[in-house]
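# just the structure for this:
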Amino acid sequence: MTNPQGFCMALCGHRRGKVIFGAVLLSFLAIFFFSHSSSSVYLKDLARPWLHPSVSSHELTLFNQEDYDRRIHLLIPVTSPNAKFCKTFFSSVVNGYPPPFLINYNQTYWQEAIARAQKIKGFHDYLNTRTRDDDIIIMIDGFDVWFQLPLQVLLSRFLKMGVPVVFGADKKCWPNDFKSVACTAIPQSPLPGDVFGDDTDRQTILRSRREKYDNFRPRWVNSGTIIGYASHVRSIYDEAWKKVEQAGQEVDSDQMILAEVYGERVVKGDNSMSVDFYSTLFQTMTYSHNDIAFVRNPSEEWTSTTFSKTISTEKLPLEDLGLSSKSPNPNRSPWKWRNLAWNKVSNRIPTLLHFNGPKNFIDLWWPRMWYYEDGAKWTEKIKQEPQRAGAWTNGKEANKLGWFTYETLCGRERLFGEPEPAAPVNPSPNGGEKKDNKPAA
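As a prediction, the model looks like this:
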């Protein structure tokens with residue numbers, strides 16, 4: 001397969017190439033992004049993801065489609081960029097995820113009910129027009145999700161689960177009626193029944209309103225984080241969109257619709273959907289902040305820290321980060337001293353964090369992420385890769401794609417405490433310098 005980076009560099013290396021570069025770039029990248037290979041190897045070194053450069057290297061490693069024999073789609077619903085989106089976007093780039101497709105970008109909706117309906121429609125349309133059945137789909141919310149671990153780790157863990165589609169898991173069934181199948185038909189969590197103590201999964205007067213679900217095991221659908229095979233994700237959104245149409249294309253919550261689909265499938269005995277009970281892939285944060293600790297130098301000898309009477313002997317899984325005793329050089333793994341969010345209840349280091357609860361943690365915890373320390377340096381490197389670090393959108397013309405570089409979308413944001421750019425300096429009439437744009441007095 002042709003290397004797009006080398007191709008673009010070859011074009012840009014000549015004056016005449018620069019003239020045609022803009023016209024060729026979008027067409028080439030679109031073909032490259034949506035093409036499909038017939039190779040029999042899905043993920044190189046699937047059993048050993050720590051060998052991939054994005055996992056084993058201390059340096060920035062961008063997404064490379066040649067590592068996969070099928071499309072990996074990252075879908076993010078966002079109508080316009082801001083600092084919160086740019087944190088999400090940066091975290092995906094630095095962890096080697098593919099350029100996202102921005103669902104409903106540059107669209108305006110005057111009512112929340114319509115916006116939620118169009119979110120489902122945007123996913124539905126993309127899945128039905130731009131995916132093949134065995135593609136892998138990753139869908140995340142656009143303003144409160146941070147990737148913590150690389151794409152190879154997420155894929156390796158997902159494929160080992162053996163489930164066609166996995167959603168994030170919530171501790172509370174919402175916003176559905178508690179008596180609906182979305183709440184009552186859902187399987188129990190495999191975590192110990194007393195993992196939070198004797199009052200696990202029960203509301204008590206001893207807990208404040210803000211913490212009243214902290215002691216619940218996560219098992220209900222959260223629609224803000226999804227991974228699955230395109231054919232199965234497509235069928236879920238086909239059902240969801242039918243429900244939206246029946247509701248007059250206005251809905252109170254897209255999560256409510258998808259939770260209904262999940263509950264109905266469980267009742268029918270359909271096992272195509274599941275939730276991430278252990279937060280191995282997706283750490284949903286509502287009522288879970290107390291479950292998380294940031295750690296360095298994790299050990300596989302660690303076990304879960306719970307109130308359960310059953311002492312856990314399950315070791316912390318670290319092999320996919322190259323930190324296991326079975327790993328060839330665990331002391332050389334870049335993850336040994338990186339700051340990582342660890343779920344001390346399920347004993348997992350999740351691949352991403354979803355801040356669907358109180359948003360103040362977005363500001364409090366951003367400096368704790370392992371990439372914050374080198375964030376400013378890596379931002380500059382990302383800006384130097386305009387043909388690889390960017391996002392897809394629907395183009396202005398039908399069936400055309402738009403491409404926005406990372407710098408175009410997020411270049412103005414200061415995510416890592418960078419100083420604001422100096423104000424432009426204009427020469428004054430007498431040959432000196434005037435530091436503002438006001439006329440001289």
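# in the stretch 51-200 of the chain, which spans are helices?
When assigned using DSSP state H, counting those that start in this stretch, the helices of the stretch 51-200 of the chain occupy the ranges 53-56, 83-94, 112-129, 151-161, 181-184.
# can you redo these as TSV with mean pLDDT and distance to residue 167?
Yep, even glycine has a C-beta here, placed from its N, CA and C like the rest. Compiled in TSV, the helices of the stretch 51-200 of the chain are given as follows (pLDDT from 0 to 100; distance: least, C-beta to C-beta, whole Å):
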stretch	mean pLDDT	distance to residue 167
helix 53-56	92	25
helix 83-94	98	18
helix 112-129	95	13
helix 151-161	95	12
helix 181-184	97	12
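# between the ones you listed, which one is nearest to residue 70?
For residue 70, the closest of the helices of the stretch 51-200 of the chain is helix 151-161, at 10.8 Å, according to C-beta to C-beta.
# and the helices of the stretch 51-200 of the chain as TSV, adding distance to residue 103?
Compiled in TSV, those are given as follows (distance: least, C-beta to C-beta, whole Å):
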stretch	distance to residue 103
helix 53-56	25
helix 83-94	12
helix 112-129	4
helix 151-161	19
helix 181-184	23
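# quick check: residue 199 touching residue 214?
No. The pair residue 199 and residue 214 fails to qualify as a contact (C-beta atoms under 8 Å) at a distance of 10.2 Å.
# ok so, going back, out of the helices of the stretch 51-200 of the chain, deepest packed?
helix 83-94 (a mean of 23; mean count of other C-beta atoms under 10 Å).
# mind giving me the packing neighbours of that helix?
strand 72-77, strand 145-147, helix 375-383, helix 406-410 (3 or more C-beta pairs under 8 Å, 6 or more residues apart in numbering; DSSP states H and E).
# 10 Å - rerun?
Identification of packing neighbours for helix 83-94 by 3 or more C-beta pairs under 10 Å, 6 or more residues apart in numbering; DSSP states H and E yields strand 72-77, strand 136-140, strand 145-147, strand 352-354, helix 360-365, helix 375-383, strand 390-394, helix 406-410.
# tell me which of those lies nearest to residue 92.
Among the helices and strands packed on helix 83-94, if distance is taken as C-beta to C-beta, the winner is strand 145-147, at 5.3 Å.
# from the chain's centroid, how far away is that closest one?
Between the centre of strand 145-147 and the centre of its chain there are 5 Å (C-alpha atoms, centre = their mean, to the nearest Å).
# next one: stretch 374-382
Centroid separation between stretch 374-382 and its chain, computed with C-alpha atoms, centre = their mean, is 19 Å.
# buried set for that stretch?
Buried positions in stretch 374-382, judged by neighbour count with 16 or more other C-beta atoms under 10 Å: 375, 378-379, 382.
# what is the nearest of these to residue 75?
Comparing every one of the buried residues of stretch 374-382 with residue 75 (C-beta to C-beta), the shortest separation belongs to residue 382, at 20.3 Å.
# picking up where we left off before, of the helices of the stretch 51-200 of the chain, which is nearest residue 395?
The stretch from the helices of the stretch 51-200 of the chain with the least distance to residue 395 (C-beta to C-beta) is helix 112-129; that distance is 13.3 Å.
# can you get me a residue count around the nearest residue to residue 316 once chain neighbours are set aside?
Closest residue to residue 316 apart from its sequence neighbours, by C-beta to C-beta, 6 or more residues apart in numbering: residue 302 at 4.3 Å. Look at residue 302: counted by other C-beta atoms under 10 Å, it has 15 neighbours.
# among the helices of the stretch 51-200 of the chain, which is nearest residue 345?
Among the helices of the stretch 51-200 of the chain, the nearest to residue 345 by C-beta to C-beta is helix 151-161 (17.8 Å).
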